[in-house]
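# here you go, sequence then predicted model.
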2 protein chains.
Amino acid sequence: MATESSHEVPQVVIERLPQYLRALSRFLEEGTTVISSQQLGARLQVTPAQIRKDLSYFGRFGKQGRGYTILFLVEQLRHILGLDQTWKVAVVGVGRLGRAIISYPGFAPEGFHVVCAFDTDPALVGKLTDGLTVQAMSQMAAVLRREDVKIAIVAVPAAHAQGVVDQLVTCGIKSILCYAPVATQRPSDVHISYIDPVLALQSMTYYLKAVAAG
Amino acid sequence: MATESSHEVPQVVIERLPQYLRALSRFLEEGTTVISSQQLGARLQVTPAQIRKDLSYFGRFGKQGRGYTILFLVEQLRHILGLDQTWKVAVVGVGRLGRAIISYPGFAPEGFHVVCAFDTDPALVGKLTDGLTVQAMSQMAAVLRREDVKIAIVAVPAAHAQGVVDQLVTCGIKSILCYAPVATQRPSDVHISYIDPVLALQSMTYYLKAVAAG
DNA sequence: GTATGTGAAGCACTTCACAGCT
DNA sequence: AGCTGTGAAGTGCTTCACATAC
């Protein structure tokens, strides 16, 4: 009971669970109520064994001979991932990209609510953006604590990203979604995911080039 | 000479090369001309052995006792990745997100040029968006061929993504960057990368939840 | 002395294959 | 008959450690 089991579940597994969840929700909408690992895997292009093994890290959710009751499995996955609650999110950087993130309609339905926004630019501070008042960076520590924000989205220029990450870490933030195109240093207990379309394109050209040469 | 060596280099390696390239470019800008795998790894939080191994798939680019001449290594990596040329890109879906992608200033400096945009909405077709005229989906096959476009960015609603991917595959497109939140079916020789902030957030909450409980 | 390049060892994730339940 | 859950086997990526080169 001393150590949490967090590290026994491979991170790749944790990254697949939200995909399972999303696909299962769609099956539900389509009227399916029970599903096999076979069927789910076909939709997601994952092997059935992979799905069963992934789920087995957390319990026994299926019925042999039948499959999984989708509604039940969805509930379980939402609980495992901590998605049976809402999460407050802060956006740092309210330029073109930051504004797009703030007004992106895909977060709220999934339980992620942007509740505050920060920027260094005095010309932006105090302005309303989609119902949010942009606040000064100096306010950040106090606001994050008061609002109990646990997740930050970084949308500042590359040159400022490291500084912003440092500040967020100081504020006790452990989860960051970073849109800035730079690898940032941080303590090992801070999770950062990067959204980086240019990196994605730059890997794809390797395969295009190879095909063209073949 | 029969089989291309594409499959001998692990995909994870290909995904790291653009990161190396970006970090190296920054070192160059800072005035560094020679670097060790140790120094590069420290910046990217990758082990030196990993970097040396990754590079060894493609040749010997360093000098023992010294390290790597950055300018030379950058050139080599750009060539390996096929980044020593420009690539034309098509955007499919010109809603809010599609417009943001078209006007994103980060692609062109890296050699990715959005040269055409498509949408089903007759109200959008013919309109100018950042210098591009939105075209009807029916034009797609002809335009992609004429312009020699090899990469497509999908920015349509989830419900239409599969259909669009199917059309792109029919057009011979092998590389797709997909912003729609759905896993799409496709032939194994078609590469799709997903940009999906919600999935990223949904994995992060697992660790937040675990910390809160511990 | 310093840092690369690389077989070999180590580790982690994936797939197999089958016992067990429905 | 069908499908899950899971040890065991298989695969592939990462790290080690050292010969080699400067």
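Sure thing, it's come through.

# distance of A:Ala142 from chain B?
Counting by Cβ to the nearest Cβ, to the nearest Å, the separation of A:Ala142 from chain B is 21 Å. The way it works is simple: take the backbone N, C-alpha and C, and place the C-beta from them, glycine included.

# do the same with A:Ile176
For A:Ile176, the distance to chain B - Cβ to the nearest Cβ - is 8 Å.

# could you tell me how many residues sit around that residue?
Look at A:Ile176: counted by other Cβ atoms under 10 Å in any protein chain shown, it has 24 neighbours.

# try A:Gln39
Residues lying near A:Gln39 (other Cβ under 10 Å) number 17.

# got it, and A:Lys209?
Neighbourhood size, A:Lys209 [other Cβ under 10 Å]: 20.

# with A:Val91 instead?
With other Cβ under 10 Å as criterion, A:Val91 counts 26.

# tell me who's in contact with it.
A:Gly98, A:Ile101, A:Ile102, A:Val114, A:Cys116, A:Ala117, A:Phe118, A:Ala152, A:Ile153, A:Ala155 (Cβ atoms under 8 Å, 6 or more residues apart in numbering or on different chains).

# return the subset of those residues lying in helices.
A:Gly98, A:Ile101, A:Ile102 (DSSP state H).

# neighbour-wise, which one of the residues you listed leads?
A:Gly98 (24 neighbours).

# what about the closest residue to that residue other than its chain neighbours, distance to chain B?
In space, and not counting its chain neighbours, A:Gly98 is closest to A:Ala155: 4.0 Å by Cβ to Cβ, 6 or more residues apart in numbering or on different chains. In this view, A:Ala155 and chain B are 11 Å apart by Cβ to the nearest Cβ.

# would you mark the buried spots in the top helix by length along chain A?
Criterion DSSP H: the longest helix present in chain A is helix A:11-29. Judged by neighbour count using 16 or more other Cβ atoms under 10 Å in any protein chain shown, the buried positions of helix A:11-29 are A:13-14, A:16-24, A:26-27.

# equivalent analysis for stretch A:92-108, please.
If you call a residue buried by 16+ other Cβ under 10 Å, then stretch A:92-108 has these buried ones: A:Val92, A:Gly93, A:Val94, A:Leu97, A:Gly98, A:Arg99, A:Ala100, A:Ile101, A:Ile102, A:Tyr104, A:Phe107.

# now do that stretch: distance from first to last residue.
18 Å (Cα to Cα, to the nearest Å).

# helices of chain A, residue ranges please.
A:11-29, A:37-44, A:48-56, A:70-81, A:96-102, A:140-147, A:158-170, A:197-213.

# for chain A, which residues are neighbours of DNA strand C?
Those residues of chain A that sit near DNA strand C, judged by Cβ under 7 Å from any atom of the strand, are A:10-13, A:46-47, A:49-50, A:52-53, A:63-66.

# about what we covered before: could you dump the buried residues of helix A:11-29 into TSV with pLDDT and distance to chain B added?
Below are the buried residues of helix A:11-29 laid out as TSV (pLDDT from 0 to 100; distance: Cβ to the nearest Cβ, whole Å):
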residue	pLDDT	distance to chain B
A:Val13	98	10
A:Ile14	98	5
A:Arg16	98	9
A:Leu17	98	7
A:Pro18	98	4
A:Gln19	98	6
A:Tyr20	98	10
A:Leu21	98	7
A:Arg22	98	7
A:Ala23	98	7
A:Leu24	98	12
A:Arg26	98	8
A:Phe27	98	12
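
# rewinding a little: in a markdown table: the ones in helices among the contacts of A:Val91, plus pLDDT.
Below are these laid out as a markdown table (pLDDT from 0 to 100):
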| residue | pLDDT |
| --- | --- |
| A:Gly98 | 97 |
| A:Ile101 | 97 |
| A:Ile102 | 97 |
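
# need the residues you listed in JSON lines with distance to B:Asp148, can you?
Converted to JSON lines, those look like this (distance: Cβ to Cβ, whole Å):
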{"residue": "A:Gly98", "distance to B:Asp148": "35"}
{"residue": "A:Ile101", "distance to B:Asp148": "34"}
{"residue": "A:Ile102", "distance to B:Asp148": "38"}
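
# give me every residue that touches A:Val125.
Per Cβ under 8 Å, 6+ apart, neighbours of A:Val125: A:Asp119, A:Val134, A:Gln135, A:Ala136.

# just to check, A:His106 is in contact with B:Ala180?
One thing to correct before we go on: residue A:106 is Gly, not His. No - A:Gly106 is beyond contact range of B:Ala180, at 10.5 Å (criterion: Cβ atoms under 8 Å).

# these two touch, right, A:Gln50 and A:Leu44?
No - counting by Cβ under 8 Å, A:Gln50 stays clear of A:Leu44, with 9.4 Å between them.

# which of those two has more neighbours?
A count of neighbours by other Cβ under 10 Å puts A:Leu44 above the other of A:Gln50 and A:Leu44, at 19 against 15.

# how about the longest strand along chain A: buried residues?
Criterion DSSP state E: the longest strand present in chain A is strand A:112-119. Within strand A:112-119, the residues scored as buried using 16+ other Cβ under 10 Å are A:Phe112, A:Val114, A:Val115, A:Cys116, A:Ala117, A:Phe118, A:Asp119.

# quick one: which of those residues is nearest to A:Leu201?
Within these, proximity to A:Leu201 (Cβ to Cβ) peaks at A:Phe112, which comes in at 26.2 Å.

# contacts only, for the residue nearest to A:Met140 when sequence neighbours are not counted.
Using Cβ to Cβ, 6+ apart and skipping the chain neighbours, the partner closest in space to A:Met140 is A:Phe118 (5.4 Å). Shown in contact with A:Phe118 (Cβ under 8 Å, 6+ apart): A:Ala90, A:Val91, A:Val92, A:Gly93, A:Val94, A:Val134, A:Gln135, A:Ala136, A:Met137, A:Gln139, A:Met140, A:Val143.
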